[in-house]
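A.B. asks: Just a sequence and a predicted model for now, questions to come.
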Amino acid sequence: MARRRQIYEGKAKVLFEGPEPGTLVQYFKDDTSAFSNKKKGTITGKGVLNNRISEYLMLRIGEMGIPTHFVRRLNMREQLVREVEIIPLEIVVRNVAAGSLAQRFGLTEGTPLPRCIVEHYFKSDTLDDPLVSEEHITAFGWATPQDLDEIMSLTLRINDFLSGLFLGIGLRLVDFRVEFGRLYTNDDMQIVLADEISPDNCRLWDIKTGERMDKDRFRRDLGNVEEAYQEVARRLGILPEGGPRDMKGPATMQ
Ligand code: TMP
C-alpha cells in the first residue's frame, strides 16, 4: 500500500492517486465502524466482498444510463474510479421504517412507508452527519437547487432499480445511502454516483425470514456478519471463485 500517494483514508476505504490524471484507486478495508465511530471492528473478507458487490451494482446502474465514478475493478480489494468533487451530502432513501427513522418517529421497524422517503445528511464526522434540509444545503452552498433536482431524480431511479434487483434474489431493500460527485470534463459538469454500494450502506432483509443481511449484524451484535455479506454476494452470483478461501490474497493486495 506504500506504492502510491494516499489521498484520503476513511473508515472503510482508502483512496490513492490513480495511474492516470483524473483517476483514483479505491481500496476496500475490512475495518468497520458504527455509531459515529464509537464502535469499531473488523469483518474478515468484507473489503473483498464489498469491492465485488459495489463493482457489480455500479456496473448494472451504469447500464441503465446513470453515470457513476466506477471505471473497473483492479484486483481483490481495489477498483479504479474517476476523481470527482464529492458533494458533501449523504442521501438516504427509505422504503421501510428502520434504524434512525424508526427511532426518530417512534415507528416499529419493518413498517412499510406510505412512499419512499429521501433524506439529506451533511457529511461531517465532527458534527455526526446532521440531518439537513434543502434550505441548509442551498444557503450554505453545498449544492444548488439544480444539483438537488438531479440528485433526487438519479436517487429515485437507483432506488427503483435496486429494489427490483434485490427482490429478484429474495432481499428487501429497506433503505440505503448514496453519495454523488461532480465530474468535470472540459466545460461540462455532470453529477455522478460515487463512493460504494454494498451491505455497509444498505439495509437488506431476507424476504422469507426477515433476517438482516447487512451491517446491522455488526451494529447490533447479531453475529454471522461475514456470512451475511458472503450470502449477498452469493445470491448476486459474484462470490469469488473458490469461495472464502479465495478471499485472502497476497499481503500486498489485502
Ligand atoms: P440510519 O437508519 O442509521 O439513518 O441509516 C439509514 C441507511 O443509511 C442505512 O442503510 C445505513 C446507511 N448509513 C450509511 O451508509 N452511513 C451512515 O453513516 C449512516 C448513519 C447510515
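C.D. replies: That came in fine, so what should we check first?

A.B. asks: hey, let's count contacts and neighbours off CA atoms from now on
C.D. replies: Will do.

A.B. asks: could you show me where the strands are in the stretch 151-254 of the chain, in order?
C.D. replies: For the stretch 151-254 of the chain, the strands defined by DSSP state E, counting those that start in this stretch cover 171-185, 188-194, 202-206.

A.B. asks: Say whether the ligand is contacted by the last one.
C.D. replies: Yes - if you take CA under 6 Å from any ligand atom as the test, strand 202-206 does meet the ligand, through Cys202, Arg203.

A.B. asks: now do stretch 127-135
C.D. replies: No - using CA under 6 Å from any ligand atom, stretch 127-135 stays clear of the ligand, coming no nearer than 7.1 Å.

A.B. asks: Report the separation between the two terminal residues of that stretch.
C.D. replies: Stretch 127-135 stretches 18 Å from its first residue to its last (CA to CA, to the nearest Å).

A.B. asks: Pretty sure Leu59 sits in a strand.
C.D. replies: No - applying DSSP: H, G, I helix; E, B strand; the rest coil, one finds Leu59 to be helix, outside a strand.

A.B. asks: okay, now it: neighbour count?
C.D. replies: Number of residues near Leu59 (other CA atoms under 10 Å) recorded here: 17.

A.B. asks: residues contacting it?
C.D. replies: The contact partners of Leu59, taken as CA atoms under 8 Å, 6 or more residues apart in numbering, are Phe70.

A.B. asks: Any figure for the gap between it and Leu101?
C.D. replies: 30 Å.

A.B. asks: Output the strands of the stretch 151-254 of the chain in CSV, with mean pLDDT and mean neighbour count appended to each entry.
C.D. replies: Shown next, in CSV, are the strands of the stretch 151-254 of the chain (pLDDT from 0 to 100; neighbours: other CA atoms under 10 Å):
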stretch, mean pLDDT, mean neighbour count
strand 171-185, 97, 21
strand 188-194, 97, 19
strand 202-206, 98, 22
